[in-house]
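Q: Please work out how this folds:
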Amino acid sequence: MSCKNFLSIYFLSSILLSQEEIPFDVSKHFAVILDNNQLIWNSDQSFEKLLIDRSSKNFRNKFTNLTFEELPEDSSYVKSKFIYEFGDYGFDKLSIGLKKNSKDEIFQFKGQKKSFFGQYSEFADSEKPPLSLFYKFNYSRNFKNNKMYSTLGYFREESGFYFNLPSDMDSSSNSEFSDFISLTIGNSFVKRDYHFDIRLNHLSKYESSQISQYSLNNKYDLDRNRISTHIHNGNFISLKIALDNKHYKNERLNTGFSRNSFVITNANNFSFGNFIYGIDFIEDKIKPNFIYRNIFRSLSISYEIKNQASMVVIDSYDFNHTGQFEGKDIETWQTISTSYVLSQKIDLSTTLKYVRATNFVIPNDLGDVFIPEAERYQFEDDQMMSLQTKFSIPFKYGLFNLNHSYNFYDSLISSNRPHIFAFDYLFGLSFIDNNLGIKGKLSLQYMSKNNSEYSFNYFRNMPQRKNSTNSDDYLNISISTEIAISDVLLTIGLNNALNKFNDTEDYSLRNHEFFNPMSSLLTFGIIWEFDD
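A: Numbering: from 1, shown residues only. As a prediction, this is how the structure comes out:
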């Protein structure tokens, strides 16, 4: 078969069977992160060295980082990168980057803007599609035994929501808006065989939500400063100290309050395991933190205790006249996991994971009765156990991966789907002295039904308990494709290729964990990284 015919067949098959992997929804705008069937919603995240507060909902699905090829360190070099993708439903995504590299200093700029709309619900308004954008600047300079670095990023998110509401409820004002600046300044140096890294993270954030259906009307500012120090010397000392201050102000009620935490940890490596241990001072409470890891040939075990302040909810419908949930306690997460890894011609790994969470906040389900003085939130304890198995089989022109997560029982902190399968085939071919190439990933993803009383509340960014949650099983085929022509990459994608959902089904937020999805989304893109 000639190369031309092969490309033609490949292009047609990409259109028929293509789509990048979908977590929960077609657009990737409202996905909940899963790790071995566990929901991850309340952890601080990082964007390279920038601190992203855990109140930022589904950050990883809204913003994607841009990476450069490795640059030579012994000479001055400049790289530029341009990525543009467009497609159905007004999908428009532009990413640009510039990196200047030399022996003594590095400068880097990255930017991205993404918007789209669709045929259902929250994506129905083509004049105000959901928007995500960021601008980011990096600068570092090397001195003798010393490195100064800084990073500045601006992030903006904006969405509108349109529900099938009763005639007496107006959904035209339903909206979400957030913008924030994250700044990191640090210094790494060596003194008397001790390595130091001193860092300041600052975050200023404004966020508002007005959702008629969920009786939310929030406007608040967050100012957060974290000072951290890492000192290490071989295996004997690896000391981390962090002071974290967060101040929240409710713009509607003009009230505010602060949360403070102070963390000390040290790490030691011994023949019988690796230990990270310390103390958390959160407000006026003291809690121990602890991590133990060890590897016995193909078997590894770990145990972790993690503490953090309760997720702050600023909801003007709390009816406590302070604009904040009054519960002040500490979440404690305990995780035990054991893994077995076998690396032969066929790689196999399996991980059994048990998680116990205490004192995390969930909304009360008051049903149809409206009680103004009732408490809208409560503390909950919960646990989950899951088993993840991975197979990896190499072939001449690719690699086959199988990932299966099994959830033993329903809980607030799990996906409540007994089985989640992901079949991936990664492939790559090169032609014409490596000046023409194709690579990609063909996938099949399946999620079994969720018939539990638990689901996830996107607007309050927390799990919730309902009388019942009935979510259908979920099946899709995907293929992500890159065609390399010299230094240029052409991409093709078709989201939701099976078009499982149809407009006769009720996928409103009121009774379904899936957000109203789009039909198949066809996208095209170009990636160009070049030297200046």
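Q: From now on I want contacts and neighbour counts done on CA atoms only, so please keep to that.
A: Noted.
Q: Over to the closest residue to K441 other than its chain neighbours: give its phi and psi.
A: Setting aside the residues directly before and after it, K441 is nearest to L426 in space (C-alpha to C-alpha, 6 or more residues apart in numbering), at 4.4 Å. Backbone torsions of L426, given as degrees, to the nearest 10, read phi -100, psi 130.
Q: Kindly report the same for F59.
A: Given degrees, to the nearest 10, the pair of backbone angles that F59 has is phi -60, psi -40.
Q: now R60
A: phi -60, psi -30.
Q: swap in R54?
A: phi -70, psi -10.
Q: when you give positions from now on, start the count at 118
A: With 118 as the first residue, the last one maps to R171.
Q: neighbours of it, just the number please.
A: Residues contacting R171 under the criterion other C-alpha atoms under 10 Å number 16.
Q: same question, T301
A: 21.
Q: Looks to me like it is in a helix.
A: No: the assignment for T301 by DSSP: H, G, I helix; E, B strand; the rest coil gives strand, which leaves it out of any helix.
Q: Against L561, how distant is the closest residue to K507 other than its chain neighbours?
A: Nearest residue to K507, sequence neighbours excluded (C-alpha to C-alpha, 6+ apart): N520, at 4.6 Å. Distance of N520 to L561, given as C-alpha to C-alpha, to the nearest Å: 11 Å.
Q: rewinding a little: quickly note the distance from the residue nearest to K507 to I157.
A: On the measure of C-alpha to C-alpha, N520 and I157 end up 18 Å apart.
Q: got it, and F544?
A: Applying C-alpha to C-alpha to F544 and I157 gives a distance of 30 Å.
Q: Just grab the bridge partners of E324 for me.
A: S295, Y337 (DSSP bridges).
Q: where are the low-confidence patches of the stretch 118-267 of the chain?
A: Applying pLDDT under 70 to the stretch 118-267 of the chain picks out residues 118-148, 188-191, 234-245.
Q: Do you have the helices of it handy? List them.
A: Secondary structure of the stretch 118-267 of the chain by DSSP state H, counting those that start in this stretch: the helices cover 120-133, 176-179.
Q: before we move on, the earlier item: who's in contact with the residue nearest to K507?
A: Q505, T506, K507, F508, F538, A539, F540 (C-alpha atoms under 8 Å, 6 or more residues apart in numbering).
Q: Run me through the strand neighbours of the helix or strand containing the third one, direction for each.
A: Secondary structure assignment for K507, by DSSP states H and E: strand 494-512. Strand pairing for strand 494-512, using DSSP bridges, gives strand 464-480 (antiparallel), strand 515-524 (antiparallel).
Q: Minimum distance to Q225: which of those has it?
A: Nearest of these to Q225, taken as C-alpha to C-alpha: strand 515-524 at 33.7 Å.
Q: quick one: buried residues of that closest one?
A: F517, N518, L519, N520, H521, S522, Y523, N524 (16 or more other C-alpha atoms under 10 Å).
Q: And the second one, how far from N385?
A: The reference is to N518. Noted for N518: a distance of 35 Å to N385, by C-alpha to C-alpha.
Q: Point to the residue nearest the middle of the chain.
A: R177 (3.1 Å; C-alpha atoms, centre = their mean).
Q: My read is that E202 contacts G642, right?
A: Yes: using C-alpha atoms under 8 Å, E202 is in contact with G642, at 4.0 Å.
Q: What does the pLDDT read for S503?
A: Reading off the confidence values, S503 has pLDDT 97.
Q: Now it. Nearest residue, chain neighbours left out?
A: That would be N524: by C-alpha to C-alpha, 6+ apart, it lies 4.5 Å from S503.
Q: what sits against that neighbour?
A: N154, M501, M502, S503, L504, S531, N533, R534, P535, H536.
Q: State the distance from it to Q581.
A: From N524 over to Q581 (counting by C-alpha to C-alpha), the distance is 18 Å.
Q: now swap in E646 and tell me
A: Going from E646 to Q581 by C-alpha to C-alpha gives 45 Å.
Q: what do you get for G228?
A: Relative to Q581, and taking C-alpha to C-alpha, G228 is found at 35 Å.
Q: can you check N178 too?
A: N178 sits 21 Å away from Q581, going by C-alpha to C-alpha.
Q: likewise D589?
A: 19 Å.
Q: do K264 as well
A: Distance of K264 to Q581, computed by C-alpha to C-alpha: 46 Å.
Q: what about these two, which has more around it?
A: Q581 (20 against 17).
Q: Please look at the more buried one and S532 and confirm they touch.
A: No: Q581 is beyond contact range of S532, at 11.9 Å (criterion: C-alpha under 8 Å).
Q: Can you work out which residues contact both of those two?
A: Counting by C-alpha under 8 Å, 6+ apart, the common neighbours of Q581 and S532 are S572.
Q: and the residue nearest to K558, what is it in contact with?
A: L543 makes contact with G515, L516, F517, K556, G557, K558, L559, according to C-alpha under 8 Å, 6+ apart.
Q: quick check, nearest of these to L606?
A: Nearest member of those to L606, counting by C-alpha to C-alpha, is K556, at 10.2 Å.
Q: In contact with the closest one, which residues are there?
A: L543, F544, G545, L546, T598, E599, I600.
Q: Name whatever forms a beta bridge with it.
A: Residues in beta-bridge contact with K556 (DSSP bridges): G545, E599.
Q: Tell me how far it lies from T468.
A: To T468, K556 is 30 Å away according to C-alpha to C-alpha.
Q: just N335 next, same as before
A: 40 Å.
Q: Likewise for N255?
A: The value you get for N255 to T468, if C-alpha to C-alpha is used, is 37 Å.
Q: go on, N304?
A: On the measure of C-alpha to C-alpha, N304 and T468 end up 38 Å apart.
Q: what do you get for S454?
A: Taken as C-alpha to C-alpha, the span from S454 to T468 is 7 Å.
Q: A539 should be in a helix, yeah?
A: No: applying three-state DSSP, one finds A539 to be strand, outside a helix.
Q: you'd agree it is up against Q562?
A: Yes: using C-alpha under 8 Å, A539 is in contact with Q562, at 4.5 Å.
Q: what comes up buried for stretch 411-423?
A: Buried-residue list, stretch 411-423, by 16+ other C-alpha under 10 Å: N411, I412, I418, S419, Y420, E421, I422, K423.
Q: And stretch 569-576, by the same measure?
A: S569, E570, Y571, S572, F573, N574, Y575.
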